[in-house]
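Q: take a look and give me a structure for this.
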Amino acid sequence: INQIKKPNNKNIVNFFEADLLLVLDSIAKKDFNKANLKLKKLEMYAKNDTYQLIIYQTLKDFNNLFISKQFKKKPNNFGKLDMINYAFQNCYLNSKNTGSYFLNLINTPGSDYSRYSFFYISYLIQNEKYNSVYEISKNIDPLRNSLLLIQTKKWIDDKKLNSFKNYFSCQNENDLLAEFFFLISNIYSSQDMYNESNFYLNISSFLNPKFYFNLILIADNYYLNNDYDLARDVLKNFNYKDEIYHWYRIKKTSEIIYKESNQDKSLDYLEKKIKDFKNPSPKVLYDIAGIYKKFKNYEKAIDYFSLVLDEVEIDTYTYADVLYRRGGCFERLGKYNDADKDFLRSLKIRPNEPYTLNYLAYSWLERKYKIDEKITMLNNAYAQKENDPYIIDSVGWGYYLIEDYINAEKFLRKAVELLPDDPIASDHYGDAL
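A: Okay, the predicted model is just below:
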């Protein structure tokens, strides 16, 4: 920013990103009127670029809010981004409508806006609505939600509600805009535009350096670009203070070691670091189990999945998912009775879960056990996941085993088309011809 401000550099910094930084510099210093003047120049660039238009218009709306302290619902036709902005603008004013805006966003069907539960919880804590906080926490999956939400749940479970204000405040203008630029960074990252993504993520970090959790996106961008040294540098920001993000650092580092070296060194590193956790959360145990399963160390995977089952609530979807995964490990070891028990108990909790149906049915098909019954199970799974190649292969193989070769060839051909390099699918199709 200081370089852009120098008079002798004005001719070489005449582009959108440079002027954007000047606008943000004024906002960061709470000089909102000056920011309004600089926004006028930003408008010129925005006419020919959709993303730049979104950035310009959103900054303009927020800056007007910062000046007037009044919410003006003005749709910009930016889809769900408008809903996100409305929620944060009401939160800034501590409006009584804040909760409804956040809940409408979080509960949007067909989309995952669960990230915004963190900001809603932060708002509730600020307003001392603790019962609502604990109710929301009960519905956060401790294993499969985002890292931010799992860390959120851990703070709540550990009665560390004061942690929230250390990272974000709706009344802080910089914090609000930091979240907006994190969203822009995500959009670029989703299109494999990692340089642009990192630029806007750096802006987000400049505005709110406290919210270091967002740095996982930079680490992931570097990792996907094979820039492992840069990824390691970013990972150093995550320490033991916040367990879930500390675990992310260890897990990502082990992935880098695997890429650079081999499986054994990756596991050696992981096993040494596991000892740093005196009382690891279910998320840590679950991920360790998954890593051992990936590396085909099924005995250790079973041990860790069993520890997870001791920690999560019985007869929940989370419990059923762990049973399914542990059952898969038993099946790989040929311990079919144990596998069947886990699969059937999982299905008792989630009766029509397609992947559990498929795994159990395929296992029984391979053992020539209850074949006719398993065809029904596979068709149930297929009805829910018509485009899943592994389920399609299972259905086709089931038809082959009951000598319905017409249906077998139809499904197995489709499976091979979707999985041209899979040896099992190819073998099955070859047998059916």
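Q: where does the chain dip in pLDDT?
A: 1-14, 371 (pLDDT under 70).
Q: swap in 80 and give it another go.
A: By pLDDT under 80, the low-scoring segments of the chain are 1-15, 45-48, 74-76, 110, 365-366, 368-375, 431-433.
Q: point to the residue nearest the middle of it.
A: By CA atoms, centre = their mean, the mean C-alpha position of the chain lies nearest to residue 146, the distance being 4.4 Å.
Q: so what's that one up against?
A: By CB atoms under 8 Å, 6 or more residues apart in numbering, the contact list for residue 146 reads 114-115. Bear in mind the C-beta positions are built from the backbone N, C-alpha and C, glycine included.
Q: quick check: buried residues in stretch 36-45?
A: 36, 38-39, 42, 45 (16 or more other CB atoms under 10 Å).
Q: now do stretch 349-360
A: For stretch 349-360, burial by neighbour count (16+ other CB under 10 Å) applies to 349-350, 353-360.
Q: again, but for stretch 237-248
A: 237-238, 242-248.
Q: over to stretch 313-326?
A: Burial within stretch 313-326, assessed by neighbour count using 16+ other CB under 10 Å, is assigned to 318-326.
Q: next one: stretch 220-237
A: For stretch 220-237, burial by neighbour count (16+ other CB under 10 Å) applies to 220-223, 228, 230-232, 234-235, 237.
Q: stretch 103-111 too?
A: By neighbour count with 16+ other CB under 10 Å, stretch 103-111 contains the buried residues 105-106.
Q: any idea how many residues pack against residue 403?
A: Residue 403 is flanked by 7 other residues according to other CB atoms under 10 Å.
Q: next one: it from residue 410, what distance?
A: According to CB to CB, to the nearest Å, residue 403 stands 14 Å off from residue 410.
Q: got it, and residue 35?
A: 63 Å.
Q: those two - which one has more neighbours?
A: Between residue 35 and residue 410, residue 35 has the larger neighbour count (other CB under 10 Å), namely 24 against 15.
Q: list the contacts of the more buried one.
A: Residue 35 touches 23, 26-27, 59, 63, counting by CB under 8 Å, 6+ apart.
Q: which one of those is nearest residue 337?
A: Of all the contacts of residue 35, residue 59 has the smallest distance to residue 337: 62.2 Å, by CB to CB.
Q: now do the contacts for the closest one.
A: When contacts are counted by CB under 8 Å, 6+ apart, residue 59 touches 23, 27, 35, 39, 42, 177.
Q: may I ask which helix or strand encompasses it?
A: helix 50-68 (DSSP states H and E).
Q: contacting residues around whichever helix or strand residue 391 is part of?
A: Using DSSP H and E, residue 391 sits within helix 389-401. Identification of contacts with helix 389-401 by CB under 8 Å, 6+ apart yields 354-355, 358, 361-362, 365, 368, 371, 374-375, 378-379, 381-382, 385-386, 405, 407-415, 418-419, 422, 424-425, 428-429, 431-432.
Q: which parts of whichever helix or strand comes after it are buried?
A: Using DSSP H and E, the helix or strand that follows helix 389-401 towards the C-terminus is helix 405-418. In terms of neighbour count (16+ other CB under 10 Å), helix 405-418 has its buried residues at 407-409, 411-416.
Q: return the member of these nearest to residue 282.
A: Among the buried residues of helix 405-418, residue 415 lies closest to residue 282 (CB to CB), at 34.8 Å.
Q: now the closest one. Nearest residue, chain neighbours left out?
A: Closest residue in space to residue 415, ignoring its immediate chain neighbours: residue 393 at 3.8 Å, by CB to CB, 6 or more residues apart in numbering.
Q: now do the helices in the stretch 301-433 of the chain.
A: Secondary structure of the stretch 301-433 of the chain by DSSP state H, counting those that start in this stretch: the helices cover 317-332, 336-349, 354-366, 371-384, 389-401, 405-418, 423-432.
Q: err, the stretch 101-250 of the chain, not the other one
A: Counting by DSSP H, counting those that start in this stretch, one finds helices in the stretch 101-250 of the chain at the ranges 116-126, 130-138, 147-157, 173-190, 194-207, 215-224, 228-235, 243-260.
Q: still on that earlier bit, please flag which of the buried residues of stretch 36-45 sit within helices.
A: Those of the buried residues of stretch 36-45 mapping onto helices are 36, 38-39, 42, 45, per DSSP state H.
Q: residue 92 contacts residue 174, correct?
A: No. Using CB atoms under 8 Å, residue 92 makes no contact with residue 174, being 11.6 Å away.
Q: and the closest residue to residue 49 other than its chain neighbours, how far from residue 191?
A: Distances taken as CB to CB, 6+ apart place residue 16 nearest to residue 49, at 7.5 Å, with adjacent residues excluded. Per CB to CB, residue 16 is found 18 Å from residue 191.
Q: these two - which one has more neighbours?
A: A direct count of neighbours by other CB under 10 Å for residue 16 and residue 191 places residue 16 higher, at 17 against 10.
Q: residues in contact with that one?
A: Going by CB under 8 Å, 6+ apart, residue 16 touches 42, 45-46, 49, 52.
Q: equivalent analysis for residue 327, please.
A: Residue 327 touches 338-343, 346, 356, 359-360, counting by CB under 8 Å, 6+ apart.
Q: dump these to a markdown table, plus distance to residue 104.
A: Converted to a markdown table, these look like this (distance: CB to CB, whole Å):
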| residue | distance to residue 104 |
| --- | --- |
| 338 | 45 |
| 339 | 43 |
| 340 | 44 |
| 341 | 42 |
| 342 | 39 |
| 343 | 38 |
| 346 | 33 |
| 356 | 33 |
| 359 | 37 |
| 360 | 39 |
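Q: my read: residue 93 touches residue 71, true?
A: Yes. Counting by CB under 8 Å, residue 93 touches residue 71, with 5.9 Å between them.
Q: which residues do the two both contact?
A: With CB under 8 Å, 6+ apart, residue 93 and residue 71 have common neighbours residue 65.
Q: list the contacts of stretch 353-365.
A: With contact meaning CB under 8 Å, 6+ apart, stretch 353-365 is reached by 320, 324, 327-328, 331, 336, 339-340, 343-344, 346-347, 350, 370-371, 373-375, 377-378, 380-382, 384-385, 388, 390-391, 394, 397-398, 401.
Q: right, I'll call it a day here.
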